[in-house]
Structures are given as structure tokens and as C-alpha cells.
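>>> sequence below, structure please.
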Amino acid sequence: MARILIVDDSPSQLLGLKRVVEKLGHETLTAEDGAAGVEVAKREIPDLILMDVVMPNLNGFQATRTISKDAATAHIPVVLVTTKDQETDRVWGMRQGAKAYVTKPIKEEELVATLKELLPG
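Below you'll find the model as predicted:
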């Protein structure tokens, strides 16, 4: 199964996402903000990243751009998971290098479908 990095500054959101991902049999790594997310991504090279947008230090758009522009991590698909539900946010997120965009509150079946689409095999 895959190793998935979850980056979110909300402990309850982190727990909820972790529960869904682990129920599918995947291993989880976590980070509490964008800067920590970039560091964990570089160190652990996960198979996929679930990235919140509104966070302290480095927001999810900035962290996604950093990860997608770094040769060591550019291959890792980033899924933005956020309350920002405007079309302009979605377009901007995809321009930063995200492969998918899921809005909160998450619908478990939508997240599961997104993971299955982006994870190999």
C-alpha cells in the first residue's frame, strides 16, 4: 500500500483524513503546516500528499508550488484538501502543481475515488 503525507494545521481534520486513508490500508505521515509538509515530503518521499491550503508559516498553495518545482519531489501527486471552494482557488491550486482539488467538509467517497485515481496500481 501507499505512504500518504497529510498536511493540515487542524488536529480534527488531520485525524479525520488519517482515519479515511488508514481504513484503505495506507500508511500515513503527518505535518502541521506547509513548511513542515515540505520538509517531510523531501525527507520521506511519500507516494501522495493531502495538503490543506489555509495554514500558518507556508500556506498550501506555496507548499504545493515548492514541492512540484523541486526535482526530488516533483513526481509526488499533491491533492489540495480545503474549505476554499471558489473556482479561482481551484484554478490557482492546479496552477501551483496540484493534481486534484477536494473541498471540505470532505465526502469520504470523493476522497477515496481521488486516491484510487492518483495512486499507482
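
>>> what segments of the protein are strands?
In the chain, the segments counted as strands under DSSP state E are 3-7, 27-31, 48-51, 78-82, 100-103.

>>> how about the ones you listed in TSV, adding mean pLDDT and mean neighbour count?
Glycine gets a C-beta too; all of them are placed from N, C-alpha and C. Converted to TSV, those look like this (pLDDT from 0 to 100; neighbours: other Cβ atoms under 10 Å):
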stretch	mean pLDDT	mean neighbour count
strand 3-7	98	24
strand 27-31	98	18
strand 48-51	98	27
strand 78-82	97	26
strand 100-103	97	19
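
>>> can you say which of the ones you listed is nearest to Ala113?
strand 100-103 (9.6 Å; Cβ to Cβ).

>>> who does that closest one touch, helix- and strand-wise?
If contacts are counted by 3 or more Cβ pairs under 8 Å, 6 or more residues apart in numbering; DSSP states H and E, strand 100-103 sits against strand 78-82, helix 87-95, helix 108-118.

>>> pull out the buried residues from the last one.
By 16 or more other Cβ atoms under 10 Å, the buried positions in helix 108-118 come out as Leu111, Thr114, Leu115, Leu118.

>>> check the offset of that helix from the chain's centre.
12 Å (Cα atoms, centre = their mean, to the nearest Å).

>>> can you list contacts of it?
The contact list for helix 108-118 (Cβ atoms under 8 Å, 6 or more residues apart in numbering) reads 2, 4, 17, 20-21, 24, 26, 48, 77, 79, 81, 99-100, 102.

>>> same deal with the first one?
Strand 78-82 has contacts (Cβ under 8 Å, 6+ apart) with 8, 13, 17, 48-54, 60-61, 64, 67-68, 89, 93, 97-104, 106, 111, 114-115, 118.

>>> repeat that for stretch 7-18.
The contact list for stretch 7-18, computed with Cβ under 8 Å, 6+ apart, reads 6, 28, 30-34, 36-37, 40, 49-52, 54-56, 60, 63, 81, 104, 106, 111.
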